[in-house]
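Asks: model this:
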Amino acid sequence: MKTKVSARFQTVIPTEMRKKFNITSKSQLEWIDGGKVMIVVPVPEDPIAMVRGMYKGRGLSKSLSEGREGERGIERKGKG
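Replies: Here you go, the predicted model:
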């Protein structure tokens, strides 16, 4: 998609992009110098909420405690 830059160095974000990336009038954009290109990335309102649950699963504590229970059973059998 192409947009023009105004005399005041402003541009318009196309409607399709605003909807897709949920960009509102209060959104912030990060401008990144990619060498020969510039990259514009929407900054999430709550970056923590964005990554919460990204590694959802059993959880390390539960896996470790279950593993230790299995080791205890093996140790008990070896002593008996």
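Asks: Buried residues in the helix or strand bottoming out on mean pLDDT in the chain, which are they?
Replies: Least confident helix or strand of the chain, by mean pLDDT, DSSP states H and E, is helix 47-51 with a mean of 70. Buried positions in helix 47-51, judged by neighbour count with 16 or more other CB atoms under 10 Å: none. Yep, even glycine has a C-beta here, placed from its N, CA and C like the rest.
Asks: Starting from that helix, tell me the next helix or strand along the chain.
Replies: helix 60-79 (DSSP states H and E).
Asks: Now that following helix: average pLDDT?
Replies: Taken as a whole, helix 60-79 has a mean pLDDT of 73.
Asks: And for stretch 12-19?
Replies: The model assigns stretch 12-19 a mean pLDDT of 96.
Asks: chain center to stretch 26-35: distance?
Replies: 16 Å (CA atoms, centre = their mean, to the nearest Å).
Asks: Of all residues in this protein, which one is nearest the centre?
Replies: Closest to where the C-alpha atoms of the chain average out (CA atoms, centre = their mean) is Val51, at 4.4 Å.
Asks: what sits up against stretch 36-54?
Replies: Contact with stretch 36-54 is made by 21-23, 27-32, as judged by CB atoms under 8 Å, 6 or more residues apart in numbering.
Asks: show me the contacts for Val12.
Replies: Neighbours of Val12 in contact, by CB under 8 Å, 6+ apart: Thr3.
Asks: quick one: it and Lys26, what's the gap?
Replies: Val12 sits 16 Å away from Lys26 when distances are taken as CB to CB, to the nearest Å.
Asks: One more: Met38?
Replies: Met38 sits 22 Å away from Lys26 when distances are taken as CB to CB.
Asks: the more surrounded of these two?
Replies: Met38 (9 against 6; other CB atoms under 10 Å).
Asks: Quick check: bridge partners of the more buried one?
Replies: Here Met38 sits in beta bridges with Asp33, going by DSSP bridges.
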